[in-house]
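**Student:** Any chance you could fold what I've pasted below:
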Amino acid sequence: MRPMTDWRNAIAHIDADCFYVSCEMTRHPELQGQPVCVLFNQGAFVIAKSYDAKARGISTGMSVWDARKRMPDAVFLMPDFHYYGLLSEKMFAVFRRFSPDVEVYSIDEAFVDMNGIRSLWHKSFRQLGDAIRHAVAAEVGITVSVGISTSKTLAKIASECNKPDGTTVIPGKRIGRFLADIAVQDIPGIGRNRACLLHKFNIRTAAQFAMAEESQIGRVLGRHGLVLWHELNGESVQKLALNPPLPKSIARTASMGQVSDSRTLLAAHLSHHTHRLVSELVAKGLFTERISVFLSRQSFENTGVEMRMDCPTNSLQRISEAVRKAFMALYRNEERYRGCGVVASRISRASTATADLFGQMQADQRQTELMLTINTINDKYGRHMVTSGAASRLGKHQSNAIRFRYPLLKAG
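**Tutor:** Numbers count the residues shown, from 1 in each chain. Modelled structure (predicted):
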């Protein structure tokens with residue numbers, strides 16, 4: 001690894017701790033100290049969990065039934081991306097107060113340019129990281145973890161090292177020692193398959209990756225590997241995307257890690273990708289007019305369908321319904337599948353939205369306000385004082401495991 005000065009460049013990665021769960025706790029402070037899970041796929045699977053739930057073996061993608069067996073005392077909630085988006089905006093406003101150059105990386109994490117900021121605030125980088133954490137906690141009501149180093153990749157790894165609610169600062173001279181304790185599969189952008197490939201060349205830690213010959217990394221991982229190699233050696237190759245152009249599309253895809261004909265398993269993975277996609281749209285103030293869904297067969301052949309939205313949207317409800325219809329059109333009982341994905345295209349920003357969009361968004365907002373009013377009444381006067389017509393028809397046949405987002409979905 002090349003010898004380095006401490007701060008040729010300074011970038012912070014700030015990551016909210018258990019963001020969805022933390023958001024729910026801001027409006028339900030009585031949940032503090034309780035295990036909490038946020039669900040997806042109509043309440044069938046876990047999309048986010050508190051640290052104590054994770055410690056008890058609950059993982060993302062686990063069915064609510066299995067989660068209940070592990071933690072019968074847990075609270076299960078349906079997601080509310082509108083509310084999460086509001087808290088995300090408040091969080092990013094805090095970041096921009098410390099530095100004007102902020103990259104919105106996702107709904108719950110950001111990269112911040114820290115160059116010159118020490119002299120502006122008369123604080124060390126550690127003091128700045130702590131100040132950001134304390135400001136977010138006081139003004140937003142959630143905790144964040146901060147990593148500061150000389151490149152985006154190093155800063156992102158650093159932010160994971162002292163969770164929750166911690167600050168980790170890695171100056172140039174400490175990079176080698178820091179990377180020695182990081183497994184190669186924990187490098188952002190190195191998945192399971194790439195890690196297995198690197199293991200064949202006896203590259204098992206991030207330090208070994210950084211100390212390998214540049215030509216070897218290029219031969220094994222190509223251009224992507226070279227970018228990571230430079231970043232781990234302290235060189236800032238990936239610049240902050242402060243004013244990114246509109247993407248042509250946004251995709252969330254992955255292998256299931258197995259080949260299966262299970263309709264339930266495939267639908268769960270697809271729903272998880274949908275939530276991740278909507279999360280990015282909401283975080284970046286983007287809307288989509290077209291949703292494409294594809295399924296990857298055992299033969300690696302892809303089959304897909306495109307759904308056109310009535311108007312630009314980033315509504316989880318509307319996009320999920322489009323994905324559901326596409327899945328029903330694509331899935332075949334006799335087929336076995338290895339992966340799936342959701343792609344949003346015809347991307348636009350809120351500032352370019354049409355009058356139809358604003359009418360639809362106002363309707364969505366009124367629906368959210370109505371639900372909050374219903375929840376307030378139910379919290380005060382009883383669980384089923386006010387409910388929807390569809391829910392009332394379920395009556396006694398409604399599963400005890402799945403309830404509306406409010407009141408709390410407590411198992412037991």
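**Student:** can you map out the strands along the stretch 201-350 of the chain?
**Tutor:** Assigned strands in the stretch 201-350 of the chain, in chain order: 249-260, 286-297, 302-313, 337-349 (criterion: DSSP state E, counting those that start in this stretch).
**Student:** What strands flank the first one, and is each parallel or antiparallel?
**Tutor:** To tie it back to what came earlier, the one meant is strand 249-260. strand 337-349 (antiparallel) (DSSP bridges).
**Student:** Skipping its backbone neighbours, what lies nearest residue 117 in space?
**Tutor:** Once flanking residues are discounted, residue 117 sits nearest to residue 99: 5.3 Å by C-beta to C-beta, 6 or more residues apart in numbering. The way it works is simple: take the backbone N, C-alpha and C, and place the C-beta from them, glycine included.
**Student:** of all the strands of the stretch 201-350 of the chain, which lies closest to residue 325?
**Tutor:** Proximity of those to residue 325 was assessed by C-beta to C-beta; the nearest stretch is strand 302-313, lying at 6.4 Å.
**Student:** how far does that closest one sit from the chain's center?
**Tutor:** With C-alpha atoms, centre = their mean, to the nearest Å as the basis, strand 302-313 stands 22 Å off its chain's centre.
**Student:** For the residue lying closest to residue 304 once chain neighbours are set aside, give its distance to residue 154.
**Tutor:** Of all residues not flanking residue 304 in the chain, residue 294 sits nearest, at 3.5 Å (C-beta to C-beta, 6+ apart). According to C-beta to C-beta, to the nearest Å, residue 294 stands 34 Å off from residue 154.
**Student:** With only the CA atoms kept, save stretch 100-111 in PDB.
**Tutor:** Below are the C-alpha coordinates for stretch 100-111, written out as PDB (Å, rounded to 0.1, in the frame of the first residue of the first chain):
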ATOM      1  CA  PRO A 100     -23.200  22.500   1.000                       C
ATOM      2  CA  ASP A 101     -21.900  19.600  -1.100                       C
ATOM      3  CA  VAL A 102     -24.000  16.500  -0.300                       C
ATOM      4  CA  GLU A 103     -24.700  13.500  -2.500                       C
ATOM      5  CA  VAL A 104     -28.100  11.900  -1.800                       C
ATOM      6  CA  TYR A 105     -27.000   8.200  -2.000                       C
ATOM      7  CA  SER A 106     -30.300   6.700  -0.800                       C
ATOM      8  CA  ILE A 107     -33.200   7.600   1.400                       C
ATOM      9  CA  ASP A 108     -31.100   6.900   4.500                       C
ATOM     10  CA  GLU A 109     -27.500   7.700   3.600                       C
ATOM     11  CA  ALA A 110     -25.400  10.400   2.100                       C
ATOM     12  CA  PHE A 111     -21.800  11.300   1.100                       C
END
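**Student:** Quick check, pLDDT for the residue nearest to residue 117.
**Tutor:** pLDDT recorded at residue 99 is 97.
**Student:** try residue 45
**Tutor:** The model's pLDDT for residue 45 equals 83.
**Student:** which non-adjacent residue is nearest it?
**Tutor:** That would be residue 268: by C-beta to C-beta, 6+ apart, it lies 4.9 Å from residue 45.
**Student:** That neighbour and residue 238, how far apart?
**Tutor:** For residue 268, the distance to residue 238 - C-beta to C-beta - is 32 Å.
**Student:** how does this structure divide into domains?
**Tutor:** 11-15+92-131+139-232, 249-353, 359-400 (automatic domain parsing).
**Student:** so what's residue 249 bridging to?
**Tutor:** residue 345.
**Student:** which of residue 294 and residue 154 has more neighbours?
**Tutor:** residue 154 (30 against 19; other C-beta atoms under 10 Å).
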